[in-house]
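Asker: Structure for this input, please:
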Amino acid sequence: MEYDVVIGLEIHVQLKTRTKMFTAAPYHYGAEPNTLTDAVVLGLPGTLPVLNHAAIEACAKLGLMLGCEIAEVCKWDRKNYFYPDSPKNYQLTQNEEPLCLGGRVEIELPGPSRNVQGEHRTVRLNRIHLEEDPGKLSHEAFDTVIDFNRAGVPLAEIVTEPDLHSSEEAVAFLNALIQLIHYAGVSDCDMEKGQLRCDANVSLKPAGSEQLGTRTEMKNLNSISNVRAAIEYEIARQADLLDAGESITQETRRWNAEKGTSSSLRSKEEAHDYRYFPDPDLMPVRLVRARVAEMEAGLPERPFDKQRRFQEELGLPYTITSVLCPDPELSAFFEAALAVHHAPKAIANYIANDLLRELSASAAHGESALSITDCPLTPAHIAELAKLIEAGVITKQIGKEVFAAMYASGELPAAIVEKEGLEQSDNSDEVETLCREAIAGNAKAVAQFKEGNDKALNALKGPVMKATKGQANPATLDAILRKLIESEG
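Answerer: Presented below is the predicted three-dimensional model:
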């Protein structure tokens, strides 16, 4: 039987605040276990929660970035469950009145190749609500140990509508969402550090049917590749069961990345299983509308909007914009260079190709590439180099040498050009002599050029550029070669 796949995601994002959601206890990744706690985190008797206003604003900013309606009032509920990583035996969350309602995320589906832009469409959001993170369980050989450092960290839970229909769409959604969160500046979204975790709800229904199938939840997927693999596995598992005439059990499943399989964790709870009720220690929060309007006015340009602007107004190709625009710092670096000298294509190419290559090569062995914030160059370096080439002071070939030198030393390109004597040569007599030698030494290329093969001229240019150390003016060189060959008849 043919099936339609229906997927909804729940994404938990740790908000980047100095302290936890309901206490002044600090949080940062990598601390010794159970050193970032206090009486509130541990749920000791007599403690009372205190709201973290920065977390509320960060979540509201994220909601605005995702096109949500920011609620006039939000309130706090207790989600009651008994599990070792929850020291209070309940979690403070927003069940009935969340901070952010609705919303949408524009995604780009994979194109026919990496160099071709794919189809864009919109995925609807149901809500974003604030809650506190539980602690972290680690399963060792004979024990399970608990680290409460993470307990109480502010979490924004982003809930989609069931608008996704394949693992590729889910991956595209997560990539687009992470870009938006980076632009909003509210989380680093490092999945290896647990800053972003994803639950995937998957169901199958007969093709064309309006009635949704029974869903299962794949819990705590901690990488993009695990999201893809877990969804694909679950689609195949459910299809096999349905084809065999069996029913799907509504349950939560654990993904085993090493084996590439999942197993049942527990039956899926319903809302009544958690016995939600309003938290008696926390008052509802009313957001000042003027402050919400101020945050909305200060939102950055969204990545896909920026990509369209770069393509339409600056004439940049998709291959370049798809590198620049996902990273807010990289695109800001590009625009800062553009403000110094308006040469969008040249500057974009230097950043997307040469600069990122050098940053990658500069990283320590086994580590990821350096970010643009670690770059030894400023936007002015790139802009000045593009200007020197455009003005004909140096050739593009010499420009590559200057780029490598300025990346290594931090010197401005004009200083390097002057110090090394790299200015483009205008000595046409010397170039003509070298051209005559090149023509005499390569009769085959000359013959091919005379037969109409313009590219054969490159074989004659190479020796001249080498002899002049790349300083011959390409336009002058081209004109002299053509004149000398044509004069031969």
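
Asker: Buried residues, stretch 291-301. List them.
Answerer: Using 16 or more other Cβ atoms under 10 Å as the burial criterion, the residues of stretch 291-301 that qualify are 292, 295, 300. In this view, the C-beta of every residue, glycine as well, is placed from N, C-alpha and C.

Asker: Could you report the neighbour count for residue 255?
Answerer: When counting by other Cβ atoms under 10 Å, one arrives at 23 neighbours for residue 255.

Asker: Name all residues that make contact with it.
Answerer: Under the criterion of Cβ atoms under 8 Å, 6 or more residues apart in numbering, the contact list for residue 255 reads 218, 219, 220, 221, 226, 229, 230, 233, 262.

Asker: what residue lies at the spatial centre of the protein?
Answerer: Compute the mean C-alpha point of the chain, and by Cα atoms, centre = their mean the closest residue is residue 179, 4.3 Å away.

Asker: isn't that residue right up against residue 306?
Answerer: No. At 10.1 Å, residue 179 does not count as touching residue 306 under the criterion of Cβ atoms under 8 Å.

Asker: For the stretch 101-250 of the chain, just list every one of the strands.
Answerer: Defined through DSSP state E, counting those that start in this stretch, the strands belonging to the stretch 101-250 of the chain, from first to last, are 104-108, 120-132, 136-139, 144-147, 154-160, 196-206, 216-221.

Asker: so what strands line up beside the last one?
Answerer: Looking at strand 216-221 with DSSP bridges, its partner strands are strand 196-206 (antiparallel), strand 251-256 (parallel).

Asker: Name all residues that make contact with residue 124.
Answerer: Contact partners of residue 124, counting by Cβ under 8 Å, 6+ apart, are 102, 103, 104, 160, 161, 163.

Asker: Go through the residues you listed and name the one nearest residue 258.
Answerer: Proximity of the contacts of residue 124 to residue 258 was ranked by Cβ to Cβ; the top entry is residue 160 with 27.9 Å.

Asker: For the closest one, give me its contacts.
Answerer: If you count contacts by Cβ under 8 Å, 6+ apart, residue 160 has them with 8, 9, 10, 11, 105, 123, 124, 125, 126, 173.

Asker: measure it to residue 314 for me?
Answerer: The spacing between residue 160 and residue 314, counted by Cβ to Cβ, to the nearest Å, is 33 Å.

Asker: Then residue 109?
Answerer: Computed with Cβ to Cβ, the distance linking residue 109 and residue 314 is 24 Å.

Asker: what's residue 65 sitting at in phi/psi?
Answerer: Residue 65 has phi and psi values of phi -60, psi -30 when expressed as degrees, to the nearest 10.

Asker: count of neighbours near it?
Answerer: As a burial measure, the neighbour count of residue 65 was computed by other Cβ under 10 Å and equals 22.

Asker: Quick check: it vs residue 179, distance?
Answerer: Using Cβ to Cβ, one gets 10 Å for the distance from residue 65 to residue 179.

Asker: Likewise for residue 48?
Answerer: Using Cβ to Cβ, we find residue 48 at a distance of 38 Å from residue 179.

Asker: Residue 28 too?
Answerer: Distance of residue 28 to residue 179, computed by Cβ to Cβ: 24 Å.

Asker: Which secondary structure state does the spatially closest residue to residue 253 that is not a sequence neighbour sit in?
Answerer: When the adjacent residues along the chain are set aside, residue 253 lies closest to residue 262, with 4.4 Å between them (Cβ to Cβ, 6 or more residues apart in numbering). Per DSSP: H, G, I helix; E, B strand; the rest coil, the secondary structure class of residue 262 is strand.

Asker: coming back round to it: turn the contacts of residue 124 into CSV, columns for distance to residue 24.
Answerer: Rendered in CSV, the data for these read as follows (distance: Cβ to Cβ, whole Å):
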residue, distance to residue 24
102, 33
103, 31
104, 35
160, 33
161, 37
163, 39
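
Asker: among the residues you listed, which ones are buried?
Answerer: With neighbours counted using 16+ other Cβ under 10 Å, these contain these buried positions: 103, 160, 163.

Asker: one step back: quick check, nearest of the buried residues of stretch 291-301 to residue 3?
Answerer: Closest approach between these and residue 3, by Cβ to Cβ: residue 300, at 40.3 Å.

Asker: what's the nearest residue to that closest one if we skip its chain neighbours?
Answerer: Nearest-residue entry for residue 300: residue 183, 5.1 Å, with adjacent residues in sequence omitted and distances by Cβ to Cβ, 6+ apart.
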